[in-house]
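*Asks:* Give me a model of this one.
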Amino acid sequence: MFAFTVVALLLASYSEAIDTNKIMFQPPPMKNFDLNAWLGPWFYAFRSPPCSWSGANEMTDYESTGRLLKNGVILAKETWRNEICNSLQILVYVKGPGIFTAKDPLGNTFSGTVVVPYTDYKTFTITWGCTKMSALGNKCDDPWINVKTRMIKPGPKIIGQINYHLTRLWGVTVDQLQVVRRQQRCTGMSLGKHGGF
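*Replies:* Numbers count the residues shown, from 1 in each chain. All right, here's what the predicted structure looks like:
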């Protein structure tokens with residue numbers, strides 16, 4: 001009886017990973033998107049990385065800072081820990097309200113289309129991206145989703161709001177995303193308080 005109960009609890013807590021077919025189409029950006037309100041430091045909380053990001057499962061303490069340059073260009077600095085602290089600066093070009101093109105200076109790993117389908121600006125943001133667009137228009141062959149929060153550990157109310165919007169957008173829940181684990185922040189790698197991506 002005890003073994004059956006343990007198995008039942010494990011099955012109840014297990015959630016399947018995201019079906020890529022659900023997130024392969026580019027979502028529309030959020031209406032009336034406000035870039036200035038959206039800029040600022042963000043902590044990665046949940047993610048569904050694309051297939052092309054090898055080793056993404058081992059990344060911890062992932063966060064993003066940046067600053068808005070002239071002519072609609074954001075200099076974003078991504079920092080994360082993968083046994084040691086790593087950082088990468090990416091140029092992000094504003095293509096329209098809530099739509100960007102990221103350019104990885106070291107290759108195409110972080111390059112591609114980025115869309116913000118929803119944010120409340122003050123607590124969380126949901127971003128969708130594509131590292132490899134299909135020849136069939138707005139379909140993506142290697143999509144990703146990131147959920148970032150303003151605080152390191154979002155509370156249940158914020159997670160509930162995130163779940164609502166993930167379900168509304170793609171029919172998925174936060175349980176189907178990877179949790180970005182926290183161990184020790186990579187300090188001293190920030191661009192300062194000029195905003196972030």
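*Asks:* Report the beta-bridge partners for Val179.
*Replies:* Phe46 (DSSP bridges).
*Asks:* isn't Cys140 right up against Asn21?
*Replies:* No: the pair Cys140 / Asn21 is not scored as a contact, 10.6 Å apart, by CB atoms under 8 Å. C-betas here are computed from N, CA, C, even on glycine.
*Asks:* Comparing these two, which residue is more hemmed in?
*Replies:* A count of neighbours by other CB atoms under 10 Å puts Cys140 above the other of Cys140 and Asn21, at 22 against 9.
*Asks:* Which residue ranges of the protein form helices?
*Replies:* Here the chain has its helices, by DSSP state H, at 2-13, 20-23, 35-38, 156-170.
*Asks:* weakest of those by average pLDDT?
*Replies:* Note on these: helix 2-13 shows the lowest mean pLDDT, a mean of 36.
*Asks:* Just give me the longest strand of this protein.
*Replies:* Longest strand in the chain by number of residues (criterion: DSSP state E): strand 84-96.
*Asks:* and the most centrally placed residue in the chain, what pLDDT?
*Replies:* The chain has Asn146 as the residue nearest its centroid, 1.7 Å off, counting by CA atoms, centre = their mean. As predicted, Asn146 sits at a pLDDT of 90.
*Asks:* contacting residues for it?
*Replies:* Taking CB atoms under 8 Å, 6 or more residues apart in numbering, we find Asn146 in contact with 44, 46-47, 126-127, 129.
*Asks:* Tell me what it is bridged to.
*Replies:* Arg47, Thr127.
*Asks:* OK, contacts around Gly112?
*Replies:* Listed by CB under 8 Å, 6+ apart, the contact partners of Gly112 are 101-102, 129-133.
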